[in-house]
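J.: Provided below for reference: sequence and predicted model.
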Amino acid sequence: MASSPQNSDLTFPPADVAGELNPGENTHVHVDPISSEVVASKEMKEQAGAKQKKNEREKKDALQTVKSAIIISGIVVAVAGAAFAITKKLREK
């Protein structure tokens, strides 16, 4: 059922048997330019997405720090006010 060499499709490149069997010795690697462009654009998108996530995380961290500072300041003011009120009541007695 195999086709004869005269009828074979010549557009398909022949296989490099030695390069395939000994990949460590194969220094001539064929790169598909379209695939490499797709990979490069995908990597750029991933890097942009990672950078955007990092910026969002930094903003969230900054907001969380401000919230914590406000809450802690409020607690300190409440404790100081309570201490002041208690000392004032104790002086009146």
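T.: It's in. Numbers count the residues shown, from 1 in each chain.
J.: can you give the distance of the longest helix anywhere in the chain from its chain's centre?
T.: In terms of residue count, the longest helix belonging to the chain (DSSP state H) is helix 33-92. Here helix 33-92 is found 19 Å from its chain centre; the criterion is C-alpha atoms, centre = their mean, to the nearest Å.
J.: what helices or strands is that helix leaning on?
T.: If you count contacts as 3 or more C-beta pairs under 8 Å, 6 or more residues apart in numbering; DSSP states H and E, helix 33-92 packs onto no helix or strand. Glycine gets a C-beta too; all of them are placed from N, C-alpha and C.
J.: so where's this structure uncertain?
T.: The chain contains residues with pLDDT under 70 at 1-10, 29, 31.
J.: swap in 50 and give it another go.
T.: 1 (pLDDT under 50).
J.: how close does the spatially most central residue of the chain get to Val66?
T.: The residue lying closest to the centre of the chain (C-alpha atoms, centre = their mean) is Ala50, at 3.5 Å. From Ala50 across to Val66, the span is 25 Å (C-beta to C-beta, to the nearest Å).
J.: with Ser41 instead?
T.: From Ser41 across to Val66, the span is 38 Å (C-beta to C-beta).
J.: just Gln52 next, same as before
T.: Distance of Gln52 to Val66, computed by C-beta to C-beta: 21 Å.
J.: try Ala48
T.: Distance from Ala48 to Val66, by C-beta to C-beta: 27 Å.
J.: again, but for Leu90
T.: For Leu90, the distance to Val66 - C-beta to C-beta - is 36 Å.
J.: cool, Gly24 as well?
T.: 57 Å.
J.: who's more crowded, those two?
T.: Legend: neighbour count by other C-beta atoms under 10 Å for Gly24 and Val66, higher for Val66 (10 against 5).
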